[in-house]
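Enquirer: Pasting a predicted model and its sequence here:
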Amino acid sequence: MNQYLDKLEAGVYQLIQKFETQIGENKRQQEEIARLQAAIAKQQEAQAQQKNEHEAAVDELSEALVAQMNNLKNETQQRIQEVTDEMQSKIDALTAENQKYRDALAANAEHLRTLLARLPQENTTTVQEG
């Protein structure tokens, strides 16, 4: 019976050892899980921060691009207006010059008519030769 109790005691001792080993392993695994969860949380925070930084950078670049586009649009419209004004000025000058030449041409035509009117008129009747 003593031998049976010794075996039983040895079996209980082994079970206690296994149980303590399992408890230690479980504790180690829980610590590892906690460490990994903390690492995951830290990585997620870093990713969220990086995402926010990227979004802020994109927003800033978008605003800068819109401002640059507006400046370019304004400069282009201003240049178009300048060219239009310059061309209209040239058209007005050419129209005035054209009118001056037309007036001079009309005056010359009137002068020529006056000179032609002063010339003796030819007799329009012709003698038939027979």
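Expert: Perfect, I can see it now.
Enquirer: And for residue 110, the neighbour number?
Expert: 10 (other C-beta atoms under 10 Å). (C-beta placed from N, C-alpha, C; glycine too.)
Enquirer: How about the one 10 residues further on?
Expert: Burial of residue 120, expressed as a neighbour count using other C-beta under 10 Å, amounts to 5.
Enquirer: name the element it belongs to?
Expert: Secondary structure assignment for residue 120, by DSSP states H and E: no helix or strand.
Enquirer: Give me the pLDDT value at residue 128.
Expert: For residue 128, the pLDDT comes out at 54.
Enquirer: Residue 123 too?
Expert: With respect to pLDDT, residue 123 has a value of 66.
Enquirer: now residue 66
Expert: 98.
Enquirer: all helices of this protein, in order?
Expert: 2-118 (DSSP state H).
Enquirer: Go ahead and flag the most central residue of it.
Expert: residue 65 (5.5 Å; C-alpha atoms, centre = their mean).
Enquirer: Report the contact partners of that one.
Expert: Listed by C-beta atoms under 8 Å, 6 or more residues apart in numbering, residue 65 has no contact partners.
Enquirer: so where's this structure shaky on pLDDT?
Expert: Scanning the chain for pLDDT under 70 picks out the ranges 123-130.
Enquirer: one more time with 80, if that's ok
Expert: Residue ranges of the chain with pLDDT under 80: 1, 122-130.
Enquirer: Distance-wise, check residue 72 relative to residue 86.
Expert: According to C-beta to C-beta, to the nearest Å, residue 72 and residue 86 sit 21 Å apart.
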